[in-house]
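>>> Take a look and give me a structure for this.
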Amino acid sequence: MKQCFFAVDLGATSGRTILGTFTPYGLELEEVNRFPNHIIETGGHFYWDIYELYRNIIDGLKKAAQKEDVTITSIGIDTWGVDFVCIGKDGGLLRQPYSYRDPHTVGAPEAFFARVPRSQVYGWTGIQVMNFNTLFQLDTLRRHQDSALEAADKLLFMPDALSYMLTGESVTEYTIASTAQLVNAETRHFEPELLKALGLTEEQFGRFVYPGEKVGELTPEVQRMTGLGAVPVIAVAGHDTASAVASVPALNPNFAYLSSGTWSLMGVEADAPVINAETEELNFTNEGGVDGKIRLLKNICGMWLLERCRAAWGETSYSELINEAGACEPFRSLINPDDAVFANPSDMEQTIKTYCADRHQPVPETRGQVVRCIFESLALRYRQVLDNLSSLSPRPMEALHVIGGGSRNDLLNQWTANAVGIPVVAGPSEATAIGNVMIQALSAGAAKDIASMRQLINHSVPLKTFQPEDVEAWDAAYLQFKQMV
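So this is what the prediction gives:
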């Protein structure tokens with residue numbers, strides 16, 4: 001029988017469950033099921049369907065239980081950050097959770113900072129100000145006298161809410177909580193003054209836990225539905241980026257990482273928070289990591305730009321679009337991927353065209369030109385963020401590790417290497433699931449430490465290195481990009 005770890009990895013557009021097992025040759029992953037994660041728009045709000053996510057997790061557990069050669073050692077769940085669920089006094093979910101893309105938090109930071117100074121909030125948390133951070137979601141609900149918040153007995157972040165549905169146990173996992181802008185970066189626990197400003201108490205959240213701690217065991221109900229026994233659920237690094245960064249296959253600490261998916265998250269690992277006037281001005285964030293690390297990083301709008309265009313293009317294959325982009329004229333038009341207009345437009349392609357026209361650039365006319373505009377702009381934005389990181393990082397950056405789905409995009413990886421001027425190491429593409437499995441393995445005593453796990457991944461997962469090319473042309477384009485943004 002194979003001893004397997006069951007990883008639930010939920011992104012902002014899709015989810016999957018994966019079985020991970022260790023062999024003499026390294027780590028093996030087997031996808032059990034994959035499913036879409038749709039945002040539901042109704043009544044002027046955007047929601048996640050947490051019941052559908054739960055149903056798909058149960059379906060994955062059923063399929064895993066039916067495998068004759070598999071024994072599940074434990075279960076771990078990671079998701080995107082900031083969003084949460086309101087739980088009533090009777091233990092029931094009070095409504096579907098809002099999506100961070102809901103427009104109700106537009107202007108919310110300014111409303112909160114009128115009561116608590118911005119610099120004070122950043123000094124406590126070290127978290128970049130984004131209107132959808134949990135802090136501002138909660139304050140918006142409080143100001144609007146939201147009925148679910150007013151009736152809530154517990155507030156659980158997305159991975160913790162799903163763990164609760166599986167086990168009946170309420171926890172607050174550190175890495176996911178750190179995305180909320182409610183955790184003090186130094187104490188690594190909730191900041192009492194921020195909870196007070198929201199009219200909340202620590203008791204309204206689950207028991208605070210750190211990666212590798214046990215949440216609980218599957219309830220009798222879930223055991224009956226899945227055919228499994230009392231399998232433990234482990235609090236992995238609940239924030240998907242924290243799990244992904246745990247799996248960076250670096251052999252020394254002198255690296256930067258780029259977790260490339262719907263969002264691009266670029267950063268470095270630090271032993272302690274880096275909170276100063278420069279990080280505040282540049283809006284860098286200090287999120288919780290594994291093994292006591294802080295992830296000093298910047299959120300960058302990533303494949304969201306292309307995904308929204310593809311949705312209007314009939315889900316054309318990535319390979320076809322990449323080929324079209326590669327054949328187009330370089331640096332014809334550029335955008336700032338992080339401009340607010342690209343957050344959630346009804347027509348992404350037209351928004352890109354309008355942005356270029358408004359700045360007196362050639363308007364992309366073909367799909368290939370649109371894709372090239374997106375990829376070149378992302379690569380140049382990566383350089384801008386990496387330049388800022390180089391002055392903030394406690395260590396030199398000898399390579400950029402690209403992990404996640406974007407690591408399979410050879411064209412963007414090469415252009416990123418060209419832009420940043422250091423080698424880009426691509427892989428693993430399944431970084432989040434691997435990190436999820438790693439934390440479970442450490443919890444079970446099947447692995448020694450993060451460093452040895454990274455060595456194992458480096459030797460057992462195919463990696464591809466891209467060296468910088470056409471440096472002069474990319475340097476010139478970077479000057480053009482900086483002038484624009």
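>>> Spatially, what comes nearest to Asn56 if we skip its sequence neighbours?
Phe35 (4.4 Å; Cβ to Cβ, 6 or more residues apart in numbering). Every residue, glycine included, has its C-beta placed from N, CA and C.
>>> Just the element for that neighbour, please.
In this structure, Phe35 is located in strand 26-36 according to DSSP states H and E.
>>> which parts of that strand are buried?
With burial defined by 16 or more other Cβ atoms under 10 Å, the residues of strand 26-36 counted as buried are Leu27, Leu29, Val32, Asn33, Phe35.
>>> Let's have these in TSV, adding distance to Asp449 and pLDDT.
Shown next, in TSV, are the buried residues of strand 26-36 (distance: Cβ to Cβ, whole Å; pLDDT from 0 to 100):
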residue	distance to Asp449	pLDDT
Leu27	15	90
Leu29	21	95
Val32	28	98
Asn33	31	98
Phe35	33	98
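>>> Nearest to Gly92 among those?
Using Cβ to Cβ, Phe35 comes nearest to Gly92 of these, at 23.8 Å.
>>> didn't Val363 look like it was pressed against Thr351?
No: the pair Val363 / Thr351 is not scored as a contact, 11.8 Å apart, by Cβ atoms under 8 Å.
>>> more crowded one of the two?
Comparing Val363 with Thr351 by other Cβ atoms under 10 Å, the one with more neighbours is Thr351, at 20 against 16.
>>> Okay, the more buried one and Ser178: tell me how far apart.
Computed as Cβ to Cβ, to the nearest Å, the Thr351 to Ser178 distance reads 31 Å.
>>> can you check Glu349 too?
Relative to Ser178, and taking Cβ to Cβ, Glu349 is found at 35 Å.
>>> The two - which one has more neighbours?
More neighbours surround Ser178 than the other of Glu349 and Ser178, with 27 against 18 (other Cβ under 10 Å).
>>> contacting residues around that one?
When the contact criterion is Cβ atoms under 8 Å, 6 or more residues apart in numbering, the partners of Ser178 are Ile127, Ala185, Arg188, His239, Asn286, Glu287, Gly288.
>>> which residue ranges form the helices in the stretch 201-350 of the chain?
With helices called from DSSP state H, counting those that start in this stretch, the stretch 201-350 of the chain shows them at 220-226, 240-246, 277-282, 304-312, 318-326, 348-358.
>>> now, of these, which is deepest in the fold?
Highest mean neighbour count among these (mean count of other Cβ atoms under 10 Å): helix 240-246, with a mean of 30.
>>> which strands and helices sit next to that helix?
On a contact count with 3 or more Cβ pairs under 8 Å, 6 or more residues apart in numbering; DSSP states H and E, helix 240-246 meets strand 2-10, strand 70-78, strand 256-260, strand 263-270, strand 285-288, strand 294-301, helix 431-444.
>>> downstream neighbour of the last one in the secondary structure list?
Where DSSP H and E defines the elements, the next helix or strand beyond helix 431-444 is helix 450-460.
>>> now for the helices and strands packed on helix 240-246, which one comes closest to Arg115?
Arg115 lies closest, by Cβ to Cβ, to one member of these: strand 285-288, at 21.8 Å.
>>> quick one: the helices in the stretch 351-485 of the chain?
367-392, 410-420, 431-444, 450-460, 471-484.
>>> and the gap between the closest residue in space to Lys154 that isn't next to it in sequence and Thr140?
The shortest distance from Lys154 to any non-neighbouring residue, by Cβ to Cβ, 6+ apart, is to Ile87 (4.0 Å). Using Cβ to Cβ, we find Ile87 at a distance of 19 Å from Thr140.
>>> same question, Asn458
From Asn458 across to Thr140, the span is 44 Å (Cβ to Cβ).
>>> Neighbour count for the two, which is higher?
Thr140 (22 against 17).
>>> and the strand or helix carrying the more buried one, what other elements does it pack with?
If you go by DSSP H and E, Thr140 is part of helix 134-143. In terms of contacts (3+ Cβ pairs under 8 Å, 6+ apart), helix 134-143 is packed against helix 108-113, helix 147-151, helix 192-198.
>>> what would the ones you listed look like in JSON lines with mean neighbour count?
As requested, the helices and strands packed on helix 134-143 are exported to JSON lines (neighbours: other Cβ atoms under 10 Å):
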{"stretch": "helix 108-113", "mean neighbour count": "18"}
{"stretch": "helix 147-151", "mean neighbour count": "15"}
{"stretch": "helix 192-198", "mean neighbour count": "16"}
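>>> between these, which one is nearest to Thr465?
Per Cβ to Cβ, nearest to Thr465 of the helices and strands packed on helix 134-143: helix 108-113, 40.0 Å.
>>> isn't Thr366 right next to Ala325, touching?
No: assessed by Cβ under 8 Å, Thr366 is found out of contact with Ala325, at 9.6 Å.
>>> The helix or strand bottoming out on mean pLDDT in the chain packs against which elements?
Across the helices and strands of the chain, mean confidence by mean pLDDT, DSSP states H and E is lowest for helix 450-460: a mean of 91. Counting contacts by 3+ Cβ pairs under 8 Å, 6+ apart, helix 450-460 packs against strand 26-36, helix 431-444.
>>> Now tabulate the ones you listed in TSV and tack on distance to Gln66.
Below are the helices and strands packed on helix 450-460 laid out as TSV (distance: least, Cβ to Cβ, whole Å):
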stretch	distance to Gln66
strand 26-36	10
helix 431-444	20
